[in-house]
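Visitor: coordinates only, sequence not included:
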C-alpha cells in the first residue's frame, strides 16, 4: 500500500455580496462625479475659448455634489454623526472626500458672486481631488476584489470627466447652442482615455476572485451596455457631430445622454453587482488517500 498526497485550495466561505453600500452610495458617487466633472468641463470649455456655461456649472456642480452627500448620509442611518467622519482626515478616504468636496462646493460657488479667475484653479484641484478620493474609497476596500485595483481612482476621475462633459453638452443644447469644435474634440479624447482605462480595469490580473466578481462587467449584458452606451456610441455620434455639423444638436444631445447614462450605470454595477466580498479560502490543504 502507498499513500498519495494532493494539495489544493479549499473555499471555506464563498464570495458574498457586500451590504454596506447600496443605492445611496451609488447616488453619491454618480452625482459627485457628475458635479465635479461638469465644473472641470466648463473650465476646459472657457480655456478653449468657447462661450462657456461656467456660471451654470458654478452652482449646478456644487448642488449635485451636495445632493450626493445628503443621499449617502441617509444610508449611514445616523447622519448627525457626520462630524465624526470629518475628524478622521489622516486615516479615512471618506473623510478626505467630505473635506475636498466641501472645498469644491465653496470655491466653485464663489463664481456666482465673484466672477474672477483667482478661485478657479483651486476649485478645479478640489474637483479632481473629490473624484480621486471617491476612487480611493473603493481602492482601499481590501475585502472586495473588484474594487482593490490600482486603476480605480483613475476610473472614477475619467468617469467624472466624461459624464460632466455630457452634462455640459446637454446644457448647451438646451440653451440652443452647440459646443465648438475644440471642446468636442477634447471630449472625444476624454472618452477614448476613459475607454482605455475601463478596459484596463476589467482586464486587470486580479486573481480568481476578481475575475468572478467582474465577469458581468467584462462579458455580460452590463459590460456590453457600458461599452456601447458609455463609450462607443458617444464616440461615433460625437465624431459625426464634429465632422458633419449639419447633423444638428440632436446628435450631440443623444451622445451626451449616453455619456451620462453609461457612466452612472457603470458605477451602479461596480457597487451593486461587482461588490463581492472575497471568499474565505484555506490554501495548501493536503489530502491523502491510500492506493493498493
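Guide: Here it is on my side, so go on. The structure displayed is predicted, hence computed values, not measured ones.
Visitor: Which SSE is immediately downstream of the worst-scoring helix or strand of the chain on mean pLDDT?
Guide: Lowest mean confidence among the helices and strands of the chain (mean pLDDT, DSSP states H and E): strand 2-13, at a mean of 52. Going down the chain from strand 2-13, the next helix or strand is strand 16-17, by DSSP states H and E.
Visitor: Remind me what that following strand packs against, helices and strands.
Guide: Secondary-structure packing of strand 16-17 (3 or more Cβ pairs under 8 Å, 6 or more residues apart in numbering; DSSP states H and E): strand 276-277. Every C-beta, even on glycine, is put in place using the N, C-alpha and C of the backbone.
Visitor: contact partners of the strand it packs on?
Guide: Contact partners of strand 276-277, identified using Cβ atoms under 8 Å, 6 or more residues apart in numbering, comprise 15, 16, 17, 18, 143, 144, 145, 146, 209, 212, 213.
Visitor: residues touching the third one, list them.
Guide: The one in question is residue 17. Counting by Cβ under 8 Å, 6+ apart, residue 17 touches 272, 275, 276, 277.
Visitor: ok, now with 10 Å
Guide: Residue 17 makes contact with 144, 213, 272, 273, 274, 275, 276, 277 under the criterion Cβ atoms under 10 Å, 6 or more residues apart in numbering.
Visitor: Apply the buried test to those and list what passes.
Guide: 144, 213, 273, 274, 275, 276, 277 (16 or more other Cβ atoms under 10 Å).
Visitor: The second one reaches residue 204, doesn't it?
Guide: Put plainly, it is residue 213. No: contact criterion Cβ atoms under 10 Å: residue 213 and residue 204 do not qualify, at 11.4 Å.
Visitor: Overlap in contacts, these two.
Guide: Each of 145, 146 lies in contact with both residue 213 and residue 204 under the rule Cβ under 10 Å, 6+ apart.
Visitor: Which residue, neighbours along the chain excluded, lies closest to residue 35?
Guide: Distances taken as Cβ to Cβ, 6 or more residues apart in numbering place residue 64 nearest to residue 35, at 3.2 Å, with adjacent residues excluded.
Visitor: so which of the contacts of residue 17 comes closest to residue 159?
Guide: The nearest member of the contacts of residue 17 to residue 159, counting by Cβ to Cβ, is residue 274 at 14.3 Å.
Visitor: Please state the backbone phi and psi of the closest one?
Guide: Backbone geometry at residue 274, expressed as degrees, to the nearest 10, gives phi -80, psi -10.
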